[in-house]
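This is a predicted model, with the sequence first.
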Amino acid sequence: MATTFLRPFRFSFACLLTAAVTLPHWACGGSAEGEQGTHLTAAEDEPPGDNCPLGGVRIIQGDDTDGDGVLSPSEVTDIRYACNQAAPTALSRTSSEPAGANCPYGGTKIESGLDTDGDGRLSPSEVTSARYECSGAGGTCLLSDDSVSLACAGRECGEVRVTDSCGAPQVRSCGKCDSTRTCNTDGVCACHVDEGALSRACGGRQCGEVTVTDSCGDAQKVSCGSCGEGICREATSTCCTPLTPAAAYEHYCGKAPHFWNCGGLLPMDDLCGGTVEVDCGGGEECGTGLVCNEDENSATWHQCVKRNCTPKKETDSEFCLRNKPTARCGPLEGTDTCGGRRAIEDCGVCGQPKSCNPADNTCSCTPLTCAGEGVTCGQLYDGCGSYISCGGACGSDSNDGGEITLRILTGNLTSGNLSTYEPGHGIRIFQGLKPHIAAIQEFKYGDNSYADLRRMVMKAFGDRFYQYVEPKTSDKVIPNGIVSYYPLKSQGMLDDKNEKNRHHVWAQIDIPGEKDLWLFSVHLSTTYGLRQSSMEELIAGIREMNIPEGDFIAIAGDFNSNDFSDAALSLLKKSGIVAMDSAKDCPIDQDGKIGTNAKRGNPYDGIYTSQALKNLRTQVVLGDADNLTERGLVFDSRVFQPLSAVPPVQQGDSGANNMQHMAVIKDFSIAR
């Protein structure tokens, strides 16, 4: 008899698979031999049940006794099952993790894997991953990786707070962004706009949008701010809150400059480019004997005035005298001769060095004190024309207030089509550089009356400063002048026969210490030969003044010199009156350039002092600006950095229309 041996199911599967294609019952066997016939084996599907919980294959075997090649039920002598196996179970196990690289303070090691041998235990060979729950520095509080993953869900960067097993919050990172992106509040790495680039793009804008390049190189529109309840004016990108009718009433009615108090609704500027209607009369009529002036060309339009009254024409001085006889300066509100209200800006200017008290329109000067200025020795200038004693002579200690820094400036800094100081560029430079003494050329402001020039000096330098400007003789005059914080003991002019529209001016200045300073403000011709002749005349005039030996001398101004070998400067050097600068020790800007004309190629302007004063030069100090030396400074607002050291100077001031010169300053250390 031939026999087919029963093998484990894995062995007989190929046979069963082949039989499944051709037989209704799978069978494998040999040819019939002997009395008992061929021994057969057959297999068929076994559904899930008691024999195979997950199903499998039912294997039967026996002898084919009737020789029909099929194993019939009566011929089956043995039944076995090859059952499907369940997927390996995922198991984990924990163990204590000592302090080390995985957990600085120790913790728990959690290992995971599949139970491939089905023994219900996770053996070392079955471990496929491990993670750690680490203890904190103070104990065994644990923080699971799952809790961190849950907290960081949807985030790719930034930090989250996660509660550990002790109930305490811990901070964990969800990741970091690359160098081109930053983490936003949603935990997403996003391209960003550099704050410096945004600040530069927005400039002085308060609102609106600008386009800037972000960290990824793409153009982005970003906001320069919002205006809240106000509106953004597109033309200027500034915020504005329009006046309401009630606010407009407070702003316009009964106040300078119009003093409206009658006349019904008026369409007024809401201060944001729109209009708002205002009733300054509040619906009430004018009182007895009064009428509402409806003449819109009148200064008292929409005011209650006397009936049939024509106001008398008055100058500002006459108005001030009639309304407040004691008024000497400052703005004043009052009534005209018909009862209409008006306001003027200025009842006059105070004499130097007094200031105006706007509360009572009077002039006064409040002296400085030793204690207030922190001076404990020597003499102190009180800012009102006198020197006061603050104790004995000052010693060598630099902290006792024994020395002061004296800053001298020269500047021909007019601008605009009319070449005056009214456009404000030169005035801002004076304000920023804060000199104690200034030689000014082309001193033109307003109508060049004393009052207008005084207003300019108070604006550019301060109320305590003195001034001397050559008198106006015609509209063509471009006068020289001197401004000084310290009192002028005497002043005057020297002729320049080559220039019909100006003189040289001089002042004897009572600076701190025993010596006076004699300052000459000059403005030479642009013509080479005339400059030489004018210098000869200037030198002769100075010699005739018999300046006391030992006093300081400074000649400053616009020399129009092409270089330091200019004939006029050579004559001044030869005179010995001052110790001339050279290209090696003259004032320079922060880039080392010496030129003071508009194109910065020639030393037109300079401050030349006697040797005794030149020996006292000290380093110029302007806030936190660097690259300043004792040679002095050529100030060009387009070059100087940082401008925050010289407020309110603006970058374009030195390059303004018709600004033909740069300012020059020198600092000197003077003993009090």
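Good, I have the coordinates. Numbering: from 1, shown residues only.

What segments of this protein are helices?
Applying DSSP state H to the chain gives helices spanning 9-22, 145-151, 195-202, 245-252, 316-323, 370-373, 425-433, 450-460, 528-544, 567-575, 611-614.

now the ones you listed in CSV, with mean pLDDT and mean neighbour count?
In this view, the C-beta of every residue, glycine as well, is placed from N, C-alpha and C. Shown next, in CSV, are these (pLDDT from 0 to 100; neighbours: other Cβ atoms under 10 Å):
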stretch, mean pLDDT, mean neighbour count
helix 9-22, 34, 13
helix 145-151, 78, 13
helix 195-202, 81, 13
helix 245-252, 87, 16
helix 316-323, 92, 16
helix 370-373, 94, 13
helix 425-433, 98, 22
helix 450-460, 96, 19
helix 528-544, 95, 17
helix 567-575, 96, 18
helix 611-614, 97, 17
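
Of these, which is nearest Pro98?
helix 145-151 (19.1 Å; Cβ to Cβ).

Contacts for that closest one next, please.
With Cβ atoms under 8 Å, 6 or more residues apart in numbering as the test, helix 145-151 has contacts from Arg131, Glu133, Val160, Arg161, Val162, Thr163, Arg172, Cys174.

picking up where we left off before, tell me which of the helices of the chain sits nearest to Ala625.
Ala625 sits nearest to helix 425-433 of all those, at 11.0 Å, using Cβ to Cβ.

Can I get the helices of the chain in TSV including distance to Thr473?
Converted to TSV, the helices of the chain look like this (distance: least, Cβ to Cβ, whole Å):
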stretch	distance to Thr473
helix 9-22	127
helix 145-151	86
helix 195-202	50
helix 245-252	45
helix 316-323	24
helix 370-373	41
helix 425-433	23
helix 450-460	14
helix 528-544	19
helix 567-575	25
helix 611-614	33
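
re the thing from before, and the contacts of helix 145-151 as TSV, adding distance to Val634 and pLDDT?
Putting these into TSV (distance: Cβ to Cβ, whole Å; pLDDT from 0 to 100) gives the following:
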residue	distance to Val634	pLDDT
Arg131	70	80
Glu133	70	74
Val160	58	87
Arg161	59	86
Val162	63	84
Thr163	66	79
Arg172	59	82
Cys174	56	87
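
Run through the residues that contact the spatially most central residue of the chain.
For the chain, the residue nearest the mean C-alpha position is Ser199 (6.3 Å; Cα atoms, centre = their mean). Not one residue lies near Ser199 by Cβ under 8 Å, 6+ apart.

With the one 5 residues further on instead?
For Gly204, the contacting residues are Ser237, by Cβ under 8 Å, 6+ apart.

Quick check: the residue nearest to the centre of the chain vs Glu536, distance?
Separation of Ser199 from Glu536 (Cβ to Cβ, to the nearest Å): 56 Å.

can I assume Leu234 is in contact with Gln206?
Quick fix: residue 234 reads Glu, not Leu. No. Using Cβ atoms under 8 Å as the test, Glu234 is too far from Gln206 to be in contact (12.0 Å).

So for these two, which sits in the more crowded spot?
When neighbours are counted by other Cβ atoms under 10 Å, Glu234 and Gln206 differ, and Gln206 comes out ahead with 17 against 10.

Just among the contacts of helix 145-151, which is most surrounded?
Glu133 (21 neighbours).

looking at it, Arg638 is touching Ser654, isn't it?
Yes. Counting by Cβ under 8 Å, Arg638 does reach Ser654; the two are 5.6 Å apart.

Of the two, which one has the most company?
Ser654 (26 against 12).

can you pull the pLDDT of that one?
Looking at Ser654, its pLDDT is 97.

before we move on, what about His25?
On the pLDDT scale, His25 is placed at 41.

Equivalent analysis for Gly595, please.
Gly595 is assigned 97 on the pLDDT scale.

residues near the residue lying closest to it once chain neighbours are set aside, how many?
Take Gly595 and drop its neighbours on the chain: the residue closest to it by Cβ to Cβ, 6 or more residues apart in numbering is Gly601, 4.7 Å away. Under the neighbour criterion other Cβ under 10 Å, Gly601 is assigned a count of 13.

Ser449 now?
With other Cβ under 10 Å as criterion, Ser449 counts 12.

now stretch 339-352: how far from the chain's centre is it?
Put simply, stretch 339-352 sits 39 Å off its chain's centre (Cα atoms, centre = their mean, to the nearest Å).

First-to-last residue distance for that stretch?
35 Å (Cα to Cα, to the nearest Å).

Quickly list what Ala130 is bridged to.
Glu111 (DSSP bridges).

what sits against it?
For Ala130, the contacting residues are Lys109, Ile110, Glu111, Ser112, by Cβ under 8 Å, 6+ apart.

Would you check that the last one makes contact with Ser92?
In this case it means Ser112. Yes. Contact criterion Cβ under 8 Å: Ser112 and Ser92 qualify, at 4.5 Å.

Which residues are in contact with each of the two?
Leu122.

Can you report how many residues neighbour Ser610?
21.

For it, report the pLDDT, please.
If you check Ser610, the pLDDT there is 97.

and if you look at Gly334?
90.

number of nearby residues for it?
15.

mind listing what it touches?
Counting by Cβ under 8 Å, 6+ apart, Gly334 touches Phe319, Cys320, Arg322, Asn323, Lys324, Arg341, Arg342, Ala343.

change it to 7 Å
By Cβ atoms under 7 Å, 6 or more residues apart in numbering, the contact set of Gly334 is Phe319, Asn323, Arg342.

what residue ranges in the stretch 451-600 of the chain score low on pLDDT?
475 (pLDDT under 70).

hmm, back to that, let me know the closest of the contacts of Gly334 to Leu40.
Using Cβ to Cβ, Arg342 comes nearest to Leu40 of the contacts of Gly334, at 132.3 Å.

For the closest one, name its beta-bridge partners.
Gly334.

check contacts around it.
Ala299, Gly334, Asp336.

confidence score at it?
85.

The chain should start at 24 in everything you say after this.
All set: I'll call the first residue 24, so the last point we hit is now Arg365.

average pLDDT for stretch 233-245?
88.

buried set for that stretch?
Within stretch 233-245, the residues scored as buried using 16 or more other Cβ atoms under 10 Å are Val233, Val235, Asp237, Ser238, Gln243.

one step back: hang on, the residue nearest to Gly618 packs against Ile617?
No. Using Cβ atoms under 7 Å, Gly624 makes no contact with Ile617, being 9.3 Å away.
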